[in-house]
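[1] Generate coordinates for the sequence data below:
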Amino acid sequence: MSVVALAYVGFVALMIAMEKHHEELMQARPTPARRRVWRWAGWAALCAAMAVAMYRWGGPVGFVAFAIGCTVAAVLLVFVVLVFCPRWTVPLMTAAAVATAVLVPLGV
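    Residues are numbered from 1 along each chain as shown. A predicted model of the protein is given here:
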């Protein structure tokens, strides 16, 4: 659960790093520095999700579970939210980040 939430945060951050999506979701033109920050945040969240998966399920199983299952679920969630209710994308990212901060220490 926390791995998918963290992967969702990473993919939304990478999506916001793109100029088109940034303008759509944030109603502002992104500066190069802001796009760089979103890109770094996205990759950091994805790396953290992979690390949590590998810690929870062991190295090889965690990597495969992250690479196949968790990323597909997170990308599907990003796609569905962006297509059907784009205004919820950023609030859901914030909620997923908070939920991950709570769930990871609990081992969920």
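
[2] ok, and Cys47, which helix or strand is that part of?
    Element membership for Cys47, per DSSP states H and E: helix 32-57.

[3] how about that helix: buried residues?
    Trp38, Ala41, Gly42, Ala45, Leu46, Ala48, Ala49, Met50, Val52, Ala53, Met54, Arg56 (16 or more other C-beta atoms under 10 Å). For the C-beta atoms, the positions are set from N, CA and C on the backbone; glycine is no exception.

[4] same question for that helix, mean pLDDT?
    The average pLDDT within helix 32-57 is 94.

[5] Now do it: distance to the chain's middle.
    Averaging C-alpha positions (C-alpha atoms, centre = their mean, to the nearest Å) puts helix 32-57 8 Å from its chain's average.

[6] and what of stretch 42-61?
    When distances are taken as C-alpha atoms, centre = their mean, stretch 42-61 is centred 12 Å away from the chain's centroid.

[7] related to what we said a few turns ago, let me have the buried residues of helix 32-57 in JSON lines, extended by distance to Val102.
    Output for those, formatted as JSON lines (distance: C-beta to C-beta, whole Å):
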{"residue": "Trp38", "distance to Val102": "23"}
{"residue": "Ala41", "distance to Val102": "19"}
{"residue": "Gly42", "distance to Val102": "21"}
{"residue": "Ala45", "distance to Val102": "16"}
{"residue": "Leu46", "distance to Val102": "20"}
{"residue": "Ala48", "distance to Val102": "15"}
{"residue": "Ala49", "distance to Val102": "15"}
{"residue": "Met50", "distance to Val102": "20"}
{"residue": "Val52", "distance to Val102": "13"}
{"residue": "Ala53", "distance to Val102": "18"}
{"residue": "Met54", "distance to Val102": "21"}
{"residue": "Arg56", "distance to Val102": "16"}
